[in-house]
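>>> after the sequence you'll find the predicted model.
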Amino acid sequence: AIAEHLIDTLTNFIDYEQALFYVERAGELQLLASRGISAGEQAYLEHWPQQQPRTVARLRQAPKALLLSPEDAAALSGGAKPGRHHYLAVPIQSSSGFRLLLVGRPNRPLNSQQMEVASAMAKQVSMALDNAQLIQDLEDLATTDGLTRLYNRRHFMERAESEFLRSQRYRRELSVFLIDADHFKAINDTHGHEAGDRTLRALATACRQGLRQLDVIGRYGGEELVVLLPETSSAVAQETAERLRRSVEQLRIPGAAGDIQLTVSIGVATAGAHTESVAALVNQADRALYEAKRGGRNRVTAAADAKP
């Protein structure tokens with residue numbers, strides 16, 4: 001959450017397209033936080049440090065922030081033509097290991113003032129990460145639902161609003177799920193509230209395992225979960241929702257009166273040119289969810305298919 005906050009805050013000072021924050025763990029750089037990348041780019045960038053060891057070695061030795069060479073920037077962009085993308089690299093040495101902030105955008109290189117801002121913020125974040133456990137505990141209390149360990153509704157909406165603004169600025173696709181556990185009251189009545197809690201935790205785990213690292217998952221309220229899917233079209237969102245629905249249907253959760261078989265109804269909405277806010281997008285998904293439940297539950301319905 002600290003690294004994500006850095007990347008989000010950077011937008012107040014730098015008009016960037018992509019931002020990546022790597023931390024060293026077990027001798028290797030791992031992608032801790034990112035913004036502005038697709039699912040395919042995510043998979044490539046997670047392994048970029050291992051694929052470009054010479055570049056990483058040079059950055060480890062760099063005493064201060066620098067602009068990547070056109071060739072290194074092209075490699076970071078997955079082999080794009082040199083000169084198309086510009087990246088600022090902020091290497092940070094700490095007692096906990098090497099850290100690296102990369103900020104990029106097409107066509108226009110970052111200026112010296114923006115380099116200084118990014119460098120100063122990255123160093124402050126690195127200091128915070130060195131003492132992060134207490135900070136993380138406090139953030140968890142403020143941002144995380146205690147039962148499911150997902151984001152709470154307030155923090156989810158804050159994260160979602162940031163992604164919505166980015167999708168509008170760069171004309172990127174953005175989709176939302178609303179997920180409702182079918183007949184949840186009956187589960188509580190039949191198996192007890194403790195079993196109901198286990199059911200919600202199992203649903204949260206299924207979402208974490210079935211979705212991407214860049215997807216944002218939260219508890220919307222009661223037995224409803226909400227998912228934000230950056231860089232995701234309506235068709236892909238519906239396919240993902242259907243895959244998740246099927247995986248949840250296979251769950252078997254121990255209960256007082258035998259195993260609990262859970263199903264979910266899912267409403268899907270995708271932002272369009274006239275979507276005014278992330279709240280409006282979630283409302284579209286809510287209407288689609290209503291249609292899914294009215295249609296018999298245990299199904300996925302897209303907002304485009306829902307009745308007005």
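Arrived safely, thanks for sending. Since we're looking at a predicted model, the values are computed, not measured. Residues are numbered from 1 along each chain as shown.
>>> only the buried residues of stretch 76-92, if you could.
Leu76, Ser77, His85, His86, Tyr87, Leu88, Ala89, Val90, Pro91, Ile92 (16 or more other C-beta atoms under 10 Å). Bear in mind the C-beta positions are built from the backbone N, C-alpha and C, glycine included.
>>> list the helices and strands whichever strand or helix holds the fourth one packs on?
Right, His86. Under the criterion of DSSP states H and E, His86 resides in strand 85-94. Contacts defined by 3 or more C-beta pairs under 8 Å, 6 or more residues apart in numbering; DSSP states H and E place strand 85-94 against helix 53-61, strand 66-67, helix 70-76, strand 97-106, helix 112-130.
>>> nearest to Val226, of the ones you listed?
helix 112-130 (27.5 Å; C-beta to C-beta).
>>> hang on, Ser247 in a helix?
Yes - assessed with DSSP: H, G, I helix; E, B strand; the rest coil, Ser247 lies in a helix.
>>> check the contact between it and Ala206; I expect there is one.
Yes - contact status for Ser247 versus Ala206: in contact at 5.7 Å, counting by C-beta atoms under 8 Å.
>>> if we can go back for a sec, output the strand holding His86 in CSV with nothing but the alpha carbons.
The C-alpha trace of strand 85-94 is given here as CSV (Å, rounded to 0.1, in the frame of the first residue of the first chain):
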residue,chain,number,x,y,z
HIS,A,85,9.2,5.8,-24.7
HIS,A,86,11.1,7.7,-22.1
TYR,A,87,11.7,6.3,-18.6
LEU,A,88,13.1,7.9,-15.5
ALA,A,89,14.9,5.4,-13.2
VAL,A,90,15.2,6.2,-9.5
PRO,A,91,17.6,3.6,-7.9
ILE,A,92,17.4,3.5,-4.1
GLN,A,93,19.9,1.7,-1.8
SER,A,94,18.5,0.8,1.6
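>>> where's Leu281 relative to Thr301, distance?
15 Å (C-beta to C-beta, to the nearest Å).
>>> partners of Ala302 in the sheet?
Val268 (DSSP bridges).
>>> give the contact list for it.
Ser234, Ala237, Gln238, Gly267, Val268, Ala269, Thr270, Ala288 (C-beta atoms under 8 Å, 6 or more residues apart in numbering).
>>> same thing but at 10 Å, please
175, 234-235, 237-238, 241, 266-270, 284-285, 288, 291-292 (C-beta atoms under 10 Å, 6 or more residues apart in numbering).
>>> by neighbour count, which of the residues you listed wins?
Val268 (31 neighbours; other C-beta atoms under 10 Å).
>>> circling back to that earlier point, would a markdown table of the buried residues of stretch 76-92 with pLDDT be doable?
As requested, the buried residues of stretch 76-92 are exported to a markdown table (pLDDT from 0 to 100):
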| residue | pLDDT |
| --- | --- |
| Leu76 | 85 |
| Ser77 | 79 |
| His85 | 80 |
| His86 | 86 |
| Tyr87 | 90 |
| Leu88 | 88 |
| Ala89 | 90 |
| Val90 | 89 |
| Pro91 | 90 |
| Ile92 | 88 |
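>>> which one of the residues you listed is nearest Tyr16?
Leu88 (8.5 Å).
>>> show me what contacts the closest one?
Here Leu88 is in contact with 14, 16, 19, 65-68, 73, 101-105, 109-111, 114-115, 118-119, 122 (criterion: C-beta under 10 Å, 6+ apart).
>>> who does it bridge with?
Applying DSSP bridges to Leu88, the residues it is bridged with are Leu67, Val103.
>>> and stretch 292-299, how far out from the chain's middle?
How far stretch 292-299 lies from its chain's middle: 27 Å, per C-alpha atoms, centre = their mean, to the nearest Å.
>>> er, stretch 111-131 actually
Put simply, stretch 111-131 sits 22 Å off its chain's centre (C-alpha atoms, centre = their mean).
>>> from the contacts of Leu88, which would you call buried?
14, 16, 19, 65-66, 68, 73, 101-105, 109-110, 114-115, 118-119, 122.
>>> and the closest residue in space to Ala288 that isn't next to it in sequence, what does it touch?
Sequence neighbours aside, Gly267 is the residue nearest to Ala288 in space, at 3.3 Å (criterion: C-beta to C-beta, 6 or more residues apart in numbering). Neighbouring residues of Gly267 by C-beta under 10 Å, 6+ apart: 176-180, 224, 226, 241, 282, 284-293, 300-303, 305-306.
>>> before we move on, what about Gln114?
Leu10, Phe13, Ile14, Asp15, Tyr16, Ala65, Leu88, Val103.
>>> number of nearby residues for the first one?
The burial metric for Leu10, expressed as a neighbour count using other C-beta under 10 Å, is 21.
>>> who has more neighbours, Ser247 and Ala206?
Set Ser247 next to Ala206 and count neighbours by other C-beta under 10 Å: Ala206 wins out with 21 against 14.
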